[in-house]
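Asker: below are the sequence and a predicted model for it; my questions follow.
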2 protein chains.
Amino acid sequence: MRHVISAIVENKPGVLAHIAGLFAGRGFNIDSLAVGETEDLARSRLTVVARGDDAVLEQVRKQLAKIIDVIKVVDFAGADTVERDLMLIKVAVSPDRRGEIFEIVEVFRGKVVDIGAKHLTLEVSGPEKKIEAFVDLMKPYGIKELVRTGRVALARGG
Amino acid sequence: MRHVISAIVENKPGVLAHIAGLFAGRGFNIDSLAVGETEDLARSRLTVVARGDDAVLEQVRKQLAKIIDVIKVVDFAGADTVERDLMLIKVAVSPDRRGEIFEIVEVFRGKVVDIGAKHLTLEVSGPEKKIEAFVDLMKPYGIKELVRTGRVALARGG
């Protein structure tokens, strides 16, 4: 099963290495990991998407919760959440075919962030599947490079 | 100085722990870290934002490049890049004041992703400073929680 684990942690050197080590120690590969600032400078919030055995992942979650610098851990598996991922993608395209890409960007509510004679760099955000659908649409043009933030999530409701 | 390091790595357990350990070993705190999929399932792309001594960070970059599972490393410090961060933020707001927030979201080209009697969940993306300006504008309403992906970057130009 796919798990989305969200943890609020102290913003200190070593905390991330500790957490990444916990996953690696169990042989878990991480699909995505996002670590960003919160409204409190002393704390970061970390979102991990991992697939694997539910029981083993539950052990990892419990071990996470025991780390002194981990303030709170939630596993969103099965919960009603809003999930978002952001991608920057550089696509090879000549000026005469740019219009086609602009149309797709419009449908995906994306943004054009850089433009050149032979390329466009685009920003697209949304759930994982939307990002993947966009990547598939860009493949025929030629993807020069792309980078994704990985998923972040919040529970729905107040 | 602020450094944005981008690395393409093999998508294997342990690689992330190894990299996080390199930063931690030098006492470097990471402002943000984003690890996401690329167009090649076997590879992930990792973006780290860290501040600190240039010479020490250059050593870390060289050590990174020596890891067998690290395919490519770039330090974007001083380069012309497009940088983006995505935030989900849940704000306390009663229905009579929602309109004020909708106006701000419109200016920031953000999106309303969840709505309830006492809250709104919003999605905003952009450069770091834009995200921070948005957070400041939401503070008077009451921030219930927020999560950020951390920065991703691509070089400008083809």
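Answerer: Arrived safely, thanks for sending. On a predicted model such as this, the values are computed, not experimentally measured, just so you know. Numbers count the residues shown, from 1 in each chain, chains lettered A, B, ... in the order given.

Asker: and the helices in chain A, which stretches?
Answerer: Applying DSSP state H to chain A gives helices spanning A:15-25, A:54-66, A:98-107, A:128-138.

Asker: hey, which of the ones you listed is tucked in deepest?
Answerer: helix A:15-25 (a mean of 21; mean count of other CB atoms under 10 Å in any protein chain shown). For glycine as for every other residue, the C-beta is placed from the backbone atoms N, C-alpha and C.

Asker: re earlier: how about the helices of chain A, which one is nearest B:Gly126?
Answerer: For the helices of chain A, the distance to B:Gly126 is smallest for helix A:98-107, at 16.3 Å, taking CB to CB.

Asker: list the helices and strands that closest one packs on?
Answerer: Applying 3 or more CB pairs under 8 Å, 6 or more residues apart in numbering or on different chains; DSSP states H and E, we find helix A:98-107 packed against strand A:111-115, strand A:119-126, helix A:128-138.

Asker: how about 7 Å then?
Answerer: Other helices and strands packing on helix A:98-107, by 3 or more CB pairs under 7 Å, 6 or more residues apart in numbering or on different chains; DSSP states H and E, are strand A:119-126.

Asker: identify the residues contacting the strand it packs on?
Answerer: The set of residues external to strand A:119-126 that reach it, using CB atoms under 7 Å, 6 or more residues apart in numbering or on different chains, is A:84-93, A:98, A:101, A:105, A:108, A:110-114, A:131, A:134, A:144, B:82, B:84, B:86, B:123, B:125, B:154, B:158.

Asker: are any of those residues buried, and which?
Answerer: Buried by 16 or more other CB atoms under 10 Å in any protein chain shown: A:84-91, A:93, A:98, A:101, A:105, A:108, A:110-111, A:113-114, A:131, A:134, A:144, B:82, B:84, B:86, B:123, B:125, B:154, out of the contacts of strand A:119-126.

Asker: phi, psi of the spatially most central residue of chain A?
Answerer: With distances taken as CA atoms, centre = their mean, the residue of chain A nearest its centroid is A:Gly150 (1.3 Å). For A:Gly150, the backbone dihedrals (degrees, to the nearest 10) come out as phi 80, psi 170.

Asker: tell me how far the longest strand along chain A lies from the chain's centre.
Answerer: If you go by DSSP state E, chain A has its longest strand at strand A:81-92. Distance, stretch centre to chain centre, for strand A:81-92: 8 Å (CA atoms, centre = their mean, to the nearest Å).
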